Structure formats: structure tokens, C-alpha cells
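In: 3D model of this:
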Amino acid sequence: MTRPTNKKELIEMSNKNYKSMFELINSFEKSEIENGKIPFPDRDKNMRDILAHLHHWHIMMLKWYKVGMSGEKPDMPAKGYTWKTTQDLNYKIWEMYQDKSYLEIVKMINKSFDDVQKIIISHSDDELFTKKKYGWTGSTSLGSYLVSATSSHYDWAMKKIKKYMKALK
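Out: Predicted coordinates for the structure are as follows:
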């Protein structure tokens, strides 16, 4: 997958991948979506887990943006974690959503997706893709963080779901 390099591409690819991800999920039987168990030895055990993961990374992106744009330095990826301990953070995220149903998570991710899209739409190409434009993004661009939180992450989810699909055959 080619990474978006401008606002138009980011909007199109994030929307396309999000829609494609749900089309892929909805190609499963309802019982597989809501109760199926992914038979791989990793963190995500069902569709809910995958979507909850994506939702929480949307939420973190929204928080980084709010804090960063207020002139402060956000805790990235999260308070008490570093980019090197992302695996531990992802497991903590997984634990946080174990009491939620698939349908609850779908509502949550749809809302957080819309909120992230509003950020993308509110910025120009320059604001999104100029490196070091905002101090809180370090040596990269706001757009790079948004690509990672949207289109690239949805691509990761689709690969995982397709692997599960093959295991069912």
C-alpha cells in the first residue's frame, strides 16, 4: 500500500480502507463476527479486539492532537509507555475493552473514526505534510501520524482478518 502524501490521498485512503475493512468483516457470518475466535497466538482473539485496538489508537491520536496543538508535549504513545514498549501498551489496550461487546465497539470506532476525519479535513496539505511544522510531532509531520492512525492501521487489520479467513477454510 502506498502511503498518502497529501490531504486528498489521506482522506480517500483512510475512508477506502475503513470501508474495505468493514466490508471484509461483514463478509463473515454474524456468529463469526460476534463470537468467532481467531486461532493465532497473539493478543487479538476476535473482531472486537481488532476494532477496539484501532478505536483506542484513534483516541490516542485525538489526545495527542489536542494536547500538542495547545502547545504542550503529549505523552506518546501513552503515559508510562515508550515507542519501544508499544507491545505492552497494546496488551493494556486489549485488557481495557474485554467487557465491551462487538456492537459497542463498532459504535465507538465509528465515532472515533469520524473525529479523526474532522482533524484531517480541517488542515491544509502544508499543515498535514510539512515535517516539523508542529513541535509535538518531532521530526515528522501531522499527516504521518494520521496515516499511521488510519489508513495504515486499517491495512494492518485487513491483513490480520484475511489471515483469519484463510484459517477458517
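In: any buried residues in the helix or strand containing residue 19, and which?
Out: Using DSSP states H and E, residue 19 falls within helix 7-25. Buried residues in helix 7-25, defined by neighbour count with 16 or more other C-beta atoms under 10 Å: 7, 9-11, 13-15, 17-18, 21-22, 24-25. (Each C-beta comes from the backbone N, C-alpha and C, glycine too.)
In: same question, stretch 96-103
Out: Along stretch 96-103, the positions that meet the burial threshold by neighbour count (16+ other C-beta under 10 Å) are 97, 100, 102.
In: and of these, the nearest to residue 90?
Out: residue 97 (11.4 Å; C-beta to C-beta).
In: so who does that closest one touch?
Out: Applying C-beta atoms under 8 Å, 6 or more residues apart in numbering to residue 97 gives the contacts 48, 49, 52, 55, 56, 105.
In: go again using 10 Å as the cut-off
Out: 48, 49, 51, 52, 53, 55, 56, 104, 105, 108 (C-beta atoms under 10 Å, 6 or more residues apart in numbering).
In: now residue 33: which helix or strand?
Out: If you go by DSSP H and E, residue 33 is part of helix 30-35.
In: summarise which helices and strands that helix is packed against.
Out: The elements that helix 30-35 packs onto, with contact taken as 3 or more C-beta pairs under 10 Å, 6 or more residues apart in numbering; DSSP states H and E, are helix 47-69, helix 102-121, helix 151-168.
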